[in-house]
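# Sharing a model prediction with you, sequence too.
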Amino acid sequence: CPHINKLDEHLVKLEHEKHPLHIGPLIRKEKIYIDQPREHRKKLFNAMFHFARTVPFEYICAIVDKKDCADKVELNAKLTTSIAKIIQAQSEYLRSFDKIIIYYDNGQTELTHILTTLFNTLFFNVEFRKVFPSEYKLFQVADLICTMELINEKIQRNRFSHSEKDFFESTSTFKKNYYKSIACKRL
């Protein structure tokens, strides 16, 4: 795919190692990004952001705030309900495909269970494929989207963090220059 080749070439120019971009830690200057200056992290972010803007896809996103849940059981129940509502709202669209393929890294056991249960209950043409994020750019795009949706939700609740402000400068800059371009791809 020319989009992937262009992204890979850009990441090589930025001397980015062959590991997946993980957007939350990139913004917060955590883990492997701890010693990288904001300007370099911003270039990495912009490379993935530009890729996400130019590649054709649509997404849906379920948002549940852990702070609104008393425990894991309530969190799982709210996640299941939220994801089920989204899937049901899009069921006609999803049924239009010969096969639904879900790529997941099995990173969160509870989410793996929720997805397999819901999709296998509601559809007959589902295939799950375990992925390694470094091998799938669209999986990294999903991480970008989830992070951006989380930040947008935090803005709505007046929880824009210091590291997010440092990275994006302001909530209006985040919304105007970044979130708006991604949110238009929501299904």
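Received, thanks. Residues are numbered from 1 along each chain as shown.
# the residue most distant from the middle of the chain, which is it?
residue 124 (25.8 Å; Cα atoms, centre = their mean).
# can you confirm it is in a helix?
No: read with DSSP: H, G, I helix; E, B strand; the rest coil, residue 124 is coil and lies in no helix.
# Looking at the protein, which helix is longest?
helix 137-156 (DSSP state H).
# which residues in this protein form strands?
100-104, 126-130 (DSSP state E).
# Only the buried residues of the last one, if you could.
Meaning strand 126-130. Neighbour counts over strand 126-130 (16 or more other Cβ atoms under 10 Å) mark 126, 128 as buried. For every residue, glycine as well, the C-beta is placed using N, CA and C.
# how big is the angle separating that strand from strand 100-104?
Going by axes from the mean of the first three to the mean of the last three Cα atoms, to 10 degrees, strand 126-130 is angled at 20 degrees with respect to strand 100-104.
# in this structure, which helix or strand is least confident?
helix 2-13 (a mean of 90; mean pLDDT, DSSP states H and E).
# re the thing from before, looking at the strands of the chain, which is nearest to residue 153?
In terms of Cβ to Cβ, the element of those nearest to residue 153 is strand 100-104, at 21.7 Å.
# Each with direction, which strands does the closest one pair with?
strand 126-130 (parallel) (DSSP bridges).
# if we can go back for a sec, who are the packing partners of the least confident helix or strand of the chain?
Contact analysis of helix 2-13 by 3 or more Cβ pairs under 8 Å, 6 or more residues apart in numbering; DSSP states H and E lists helix 38-54 as its packing neighbours.
# what's in contact with the helix it packs on?
For helix 38-54, contacts defined as Cβ atoms under 8 Å, 6 or more residues apart in numbering pick out 3-4, 6-7, 10-11, 14, 16, 21, 23, 26-27, 29, 33, 137, 140-141, 144-145, 166-167, 178, 181-182.
# Derive a ChimeraX selection command for the buried subset of those.
Selection of buried members from these for ChimeraX, criterion 16+ other Cβ under 10 Å:
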select :7,10,11,16,21,23,26,27,29,33,137,140,141,144,145,167,178,182
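# about what we covered before: so what's the backbone phi/psi at the residue farthest from the centre of the chain?
For residue 124, the backbone dihedrals (degrees, to the nearest 10) come out as phi -100, psi -10.
# show me what contacts it?
For residue 124, counting by Cβ under 8 Å, 6+ apart, there are no contacting residues.
# I'd like the numbering to begin with 11 instead of 1 from here.
Got it, first residue is 11 now, which makes that one residue 134.
# Look up how far residue 111 lies from it.
14 Å (Cβ to Cβ, to the nearest Å).
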